[in-house]
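Engineer: I would like to see how this sequence folds:
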Amino acid sequence: MELFDTHTHLDAPQFDEDREEVIARAVESGVTRMINIGFNRETIPSTMKLIETYDFIYAAVGWHPQDAITMQEGDLEWIASLCSHKKVVAIGEIGLDYYWDTSPKDVQHRVLRSQIGLARELNMPIVIHNRDAHEDIIKILREEKASEVGGVMHSFSGSWETAKMVLDMGFHLSFGGPITFKNAKQPKEVLAQVPLDRLLIETDAPYLTPHPFRGKRNESAHVRLVAEAAAQIKGITVEELVSITTQNGLERFDIR
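Structural biologist: As a prediction, this is how the structure comes out:
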């Protein structure tokens, strides 16, 4: 089985003591590709270092909504310049976060709109972070014509109504650890309805650790647990689920 963890943060400080071992464990579990997310001034350089070190790790680069207030003149051009690297496959994670009150909404909106514009200019898919902002995310994606490039709704947590709207815009939906939680009804109900050709899996490591490791540090090897839960929900074998989601990821991010 060739697993694809489409969203991870292997450069996070939580991995500073044992990063090489964490990556080795992922490979041993059958993970053949990972996308690491560079989302601010600190993590973009560390993500670029990872993709230079490991041939099976790719990057998305962008400015996270929690960090929107720190984005300065010249940063959009910096992101644009990095997108010419053959292993930078998306702009992200970008979006809106109304849960953590770290950047004003108007600043988040401006930063998101500018990065969707850049993605359209460069013809790059986008990776969307959306927390408690479903209505505004849909509005901005529509107004900025995000359907021209499409992308991924990372760690999707919205309703089926929201899912249908983003599917109509050509987006893929990615699911992680929460689909293994007993009390997480909505993600499971939405996943059950998502067309297989629009489905991706991820860890968001070191966050959102799947059952039975919930409460501990997440790592990319655990994407196998996400695959097992997703296969059960979809009523197909784990092998089928892995084959489909990996192929979807390769096509979505244009990885050959």
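Engineer: how about the strands of the stretch 101-250 of the chain, start to end?
Structural biologist: Listed in chain order, the strands found in the stretch 101-250 of the chain under DSSP state E, counting those that start in this stretch are 126-131, 151-153, 171-175, 199-201.
Engineer: What is the end-to-end distance of stretch 88-107?
Structural biologist: With C-alpha to C-alpha, to the nearest Å as the measure, stretch 88-107 spans 25 Å from end to end.
Engineer: how far off strand 126-131 does the longest helix seen in the chain point, in degrees?
Structural biologist: Secondary structure of the chain per DSSP state H: the longest helix is helix 105-122. Per axes from the mean of the first three to the mean of the last three C-alpha atoms, to 10 degrees, the angle that helix 105-122 makes with strand 126-131 is 160 degrees.
Engineer: Would you map the helices across the stretch 101-250 of the chain?
Structural biologist: Secondary structure of the stretch 101-250 of the chain (DSSP state H, counting those that start in this stretch): helices at 105-122, 134-143, 160-168, 185-193, 223-234, 238-252.
Engineer: for the last one, the distance to its chain's centre please.
Structural biologist: Spelled out, it's helix 238-252. Helix 238-252 sits 15 Å away from the centroid of its parent chain (C-alpha atoms, centre = their mean, to the nearest Å).
Engineer: Quick check: buried residues in that helix?
Structural biologist: Going by neighbour count (16 or more other C-beta atoms under 10 Å), the buried part of helix 238-252 is Val238, Leu241, Val242, Ile244, Thr245, Thr246, Asn248, Gly249, Arg252. Backbone N, C-alpha and C define where each C-beta goes, glycine included.
Engineer: How about the fourth one?
Structural biologist: Buried residues in helix 185-193, counting neighbours by 16+ other C-beta under 10 Å, are found at Pro187, Lys188, Val190, Leu191.
Engineer: need the contact list for the last one.
Structural biologist: So the one you mean is Leu191. Residues in contact with Leu191 (C-beta atoms under 8 Å, 6 or more residues apart in numbering) are Leu173, Phe175, Ile179, Leu199, Ala230, Ile233, Lys234.
Engineer: can you check the third one too?
Structural biologist: Each residue near Val190 by C-beta under 8 Å, 6+ apart is listed here: Phe156, Gly158, Ser159, Trp160, Ala163, Leu173.
Engineer: ok, which pair from those is furthest apart?
Structural biologist: Greatest spatial distance among the contacts of Val190 (C-beta to C-beta): Ser159 and Leu173, at 11.9 Å.
Engineer: and those two? which has more neighbours close in?
Structural biologist: Comparing Ser159 with Leu173 by other C-beta atoms under 10 Å, the one with more neighbours is Leu173, at 23 against 12.
Engineer: who does the more buried one bridge with?
Structural biologist: Beta-bridge pairing for Leu173 (DSSP bridges): Met153, Leu199.
Engineer: List the contacts of it.
Structural biologist: By C-beta under 8 Å, 6+ apart, the contact list for Leu173 reads Val152, Met153, Phe156, Ala163, Val166, Leu167, Val190, Leu191, Val194, Arg198, Leu199, Leu200.
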